[in-house]
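**Student:** With the input below, show me the fold.
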Amino acid sequence: MSNGYGQKIAHYQRPVDLLEIAQRGGVRRGDKTEGAESFKDMFSKEVAGSSDVTFSKHARERLFSRGIELSDEDVQKISAALDKADIKGAKETLIMMDDIALVAAVKNRTIITAFDRSNLQEGIVTSIDSAVII
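**Tutor:** The predicted structure is shown next:
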């Protein structure tokens, strides 16, 4: 789910039964009532929740201020990178993806901060014990 700033919010508050929604006929476009969500919105929330990746307040601020937007596919890639780092016993990892870099706490699957290419010019990232390049 996007919070309007291009970041993903990872934990949806209740389970979604997609079959139940389909059996009820879903919510038709243009037929929304207050509080009703479209199937697409509910599905997007469920996908974001299943990735099990969260973003700290600092990371959300960095993503917003640096204009970095992550797609659902990007969040899934980040989740897979965290899985790989966890298997290797990493605690704090640097995830390099396209033109961005993310520092993550592996155990709680939280992105701590984010950099774009212009902020990587210094070339130094501290307090990490591993790196995953995707």
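**Student:** Which stretches in this protein count as helices?
**Tutor:** Under the criterion DSSP state H, the chain contains helices at 18-23, 39-51, 57-65, 72-87.
**Student:** Surely Ile111 is in contact with Phe55?
**Tutor:** Yes - counting by Cβ atoms under 8 Å, Ile111 does reach Phe55; the two are 4.7 Å apart. Placement of C-beta: from N, CA and C, glycine included.
**Student:** is the nearest residue to Ser127 once chain neighbours are set aside in a bridge, and if so with what?
**Tutor:** Leaving out its chain neighbours, the residue that sits closest to Ser127 by Cβ to Cβ, 6 or more residues apart in numbering is Glu92, at 5.8 Å. Counting by DSSP bridges, Glu92 forms beta bridges with Ala105.
**Student:** Local confidence estimate at Glu92?
**Tutor:** Per-residue confidence for Glu92 comes out at a pLDDT of 97.
**Student:** That one touches Val125, doesn't it?
**Tutor:** No - with contact defined as Cβ under 8 Å, Glu92 does not reach Val125; the gap is 9.9 Å.
**Student:** which residues do the two both contact?
**Tutor:** Common contacts of Glu92 and Val125 (Cβ atoms under 8 Å, 6 or more residues apart in numbering): Val103.
**Student:** Pull up the distance across stretch 96-116, start to finish.
**Tutor:** This stretch, stretch 96-116, spans 10 Å end to end (Cα to Cα, to the nearest Å).
**Student:** And the contacts of it?
**Tutor:** 52-56, 58-59, 62-63, 66-68, 74, 77-79, 81-82, 85-86, 90-95, 117, 120, 125, 127-128, 131-134.
**Student:** Apply 7 Å and report the result again.
**Tutor:** Identification of contacts with stretch 96-116 by Cβ atoms under 7 Å, 6 or more residues apart in numbering yields 52-56, 58-59, 62-63, 66, 68, 74, 77-78, 82, 85-86, 90-95, 117, 120, 125, 128, 131, 133-134.
**Student:** Show me how to select, in ChimeraX, the buried members of those residues.
**Tutor:** Buried subset of those, written as a ChimeraX selection, criterion 16 or more other Cβ atoms under 10 Å:
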select :53,54,55,56,59,62,63,68,74,77,78,82,85,90,92,93,94,95,128
